[in-house]
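Visitor: Okay, here's the prediction I keep looking at, along with the sequence it came from:
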Amino acid sequence: MKNICLLGSTGYIGVNSLKVIKGSPHRYRIVALGAGKNIDLLLSQIQEFKPRFAAVINPDLAKKLKIRLNSRTNTEILYGTEGYIEIATLSDVDITIAAMTGSSGLLPTFSAVTVGKDVALANKEILVVAGSLLMKESKKGGGKIFPIDSEHSAIQQSIQGHRREDLKRIILTGSGGPFKDFSLERLSKVTPEEALKHPKWRMGRKISIDSATMLNKGVEAIEAKWLFNVEMDQIEILLHPQSIIHSMVEYMDGSIIAQLARPDMRIPISYALSYPRHLRGELPSLDLSDIGKLSFEKPDKNKFRCLDLSLAAGKIGESMPAVLNGANEVAVNAFLEGKISFLEIPQLIEETMERHETFPLNSIDQAIEADQWAQSRAKEILERIVGN
């Protein structure tokens, strides 16, 4: 029986994690839930899973949640970053699922790793903003990091049983998002509603936009660099519209090992929780004859400049990936709010990166500082863009 803290319980990954956990009540037990503002869904989760602790984003929501629970459960309600950190580092937690989006998940996830917890990682920001620090703390504390991203889960499965020095390169695959075949002219006119309609995956709002800009593929390359101890030049990105091969690993002799599965997040979530076992799930077997063909193509970096910017940030390293993350957060929010166009997202990110002087990251505070600097600078640039 594994005791689990789930950070981001009301988001897409969180909801699917609870489906996996509910399907194996003899293996997993929820002891703590962390959510943001969706207390309606959190309330129903508390009533179903009966955790000892739950945390929300601020004291006002914590008060409302307590009133609505009305002593029907023994769940203790916490709030804010301190609350998230407390539940992520509980002494009896065996594994923390880090599924909070944005920078709010940085400190709770880092704290869990620091005290030696195993972490099932879906929060991209922590490895982008502070990858070197996180991996260093993981080695020091003894806790393991299991990726939940389908791409990184595929890589982890493809390297099982192989000597790491035999690895030649990683091939990250991606669907290409909703705009893979759009022209630049058409991209200039896309709406947030169009960008949120991913052809293969149902995801949260921010990650859906990151997929549409293809920034997420460069970010995943940065994650892979840290998770699997490779150089950025050892990572290639291929578009694979069918989303059946989730990533591949090539070895020195030319052999390529791939992981294939239906595009369903319950598969990588289950593997992260049960590693190194593959437990029985509810999904039907993959029928390749029904799919017919698998195709691949290189991404068009001229159309999707966010991909190049994120790969460049990964190569520069130090504080630059944190700056990429902070600027992107501002740009995505501005696009969703209708303040800028789709093609102005990379413009805002690039200008922010150009104004940054990189520095080494020696602490999590420095990583957060770089991220916050980028958000502040990006907002200044945004005001100018909107003003024009």
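Guide: Arrived safely, thanks for sending. Given the structure is predicted, the values throughout are model-derived calculations rather than measurements.

Visitor: what are the ranges of the helices in the stretch 251-388 of the chain?
Guide: All helices of the stretch 251-388 of the chain, identified by DSSP state H, counting those that start in this stretch, fall at 266-274, 288-291, 305-316, 320-336, 344-354, 364-387.

Visitor: For the second one, the averaged confidence score.
Guide: Averaged over helix 288-291, pLDDT sits at 92.

Visitor: So what touches it?
Guide: 242, 244, 260 (C-beta atoms under 8 Å, 6 or more residues apart in numbering). To be clear about C-beta, it is placed using only N, CA and C from the backbone, and glycine gets the same treatment.

Visitor: Strands along the stretch 101-250 of the chain, start to end?
Guide: Along the stretch 101-250 of the chain, counting by DSSP state E, counting those that start in this stretch, strands occupy 118-121, 145-147, 167-174, 235-239, 245-251.

Visitor: what packs against the first one?
Guide: When you say that, I think you mean strand 118-121. On a contact count with 3 or more C-beta pairs under 8 Å, 6 or more residues apart in numbering; DSSP states H and E, strand 118-121 meets strand 95-98, helix 106-114, strand 145-147, helix 266-274.

Visitor: Quick one: the ones you listed as TSV, columns for distance to P25, mean pLDDT and mean neighbour count too.
Guide: Output for those, formatted as TSV (distance: least, C-beta to C-beta, whole Å; pLDDT from 0 to 100; neighbours: other C-beta atoms under 10 Å):
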stretch	distance to P25	mean pLDDT	mean neighbour count
strand 95-98	16	98	28
helix 106-114	23	95	25
strand 145-147	21	97	24
helix 266-274	13	97	24
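
Visitor: Quick one: closest of those to G317.
Guide: The closest of those to G317 is helix 106-114. By C-beta to C-beta, the value is 18.0 Å.

Visitor: re earlier: which of the helices of the stretch 251-388 of the chain is buried the deepest?
Guide: Using mean count of other C-beta atoms under 10 Å, the stretch among these with the greatest mean number of neighbours is helix 320-336 (a mean of 26).

Visitor: That helix to helix 305-316, inter-axis angle?
Guide: 160 degrees (axes from the mean of the first three to the mean of the last three C-alpha atoms, to 10 degrees).

Visitor: send the alpha carbons of helix 320-336 over as PDB?
Guide: Extracted C-alpha coordinates of helix 320-336, given in PDB (Å, rounded to 0.1, in the frame of the first residue of the first chain):
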ATOM      1  CA  MET A 320      17.600  31.200 -19.100                       C
ATOM      2  CA  PRO A 321      15.100  28.300 -19.000                       C
ATOM      3  CA  ALA A 322      13.500  29.900 -16.000                       C
ATOM      4  CA  VAL A 323      13.200  33.100 -17.900                       C
ATOM      5  CA  LEU A 324      11.600  31.200 -20.800                       C
ATOM      6  CA  ASN A 325       9.100  29.700 -18.400                       C
ATOM      7  CA  GLY A 326       8.200  33.000 -16.800                       C
ATOM      8  CA  ALA A 327       7.800  34.900 -20.000                       C
ATOM      9  CA  ASN A 328       5.700  32.100 -21.500                       C
ATOM     10  CA  GLU A 329       3.300  32.200 -18.600                       C
ATOM     11  CA  VAL A 330       2.600  35.900 -19.100                       C
ATOM     12  CA  ALA A 331       2.300  35.400 -22.900                       C
ATOM     13  CA  VAL A 332      -0.100  32.500 -22.700                       C
ATOM     14  CA  ASN A 333      -2.300  34.300 -20.200                       C
ATOM     15  CA  ALA A 334      -2.300  37.400 -22.500                       C
ATOM     16  CA  PHE A 335      -3.300  35.300 -25.500                       C
ATOM     17  CA  LEU A 336      -6.100  33.600 -23.600                       C
END
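
Visitor: I'd like the numbering to begin with 627 instead of 1 from here.
Guide: From this message on, residue numbering opens at 627, which makes the last subject helix 946-962.
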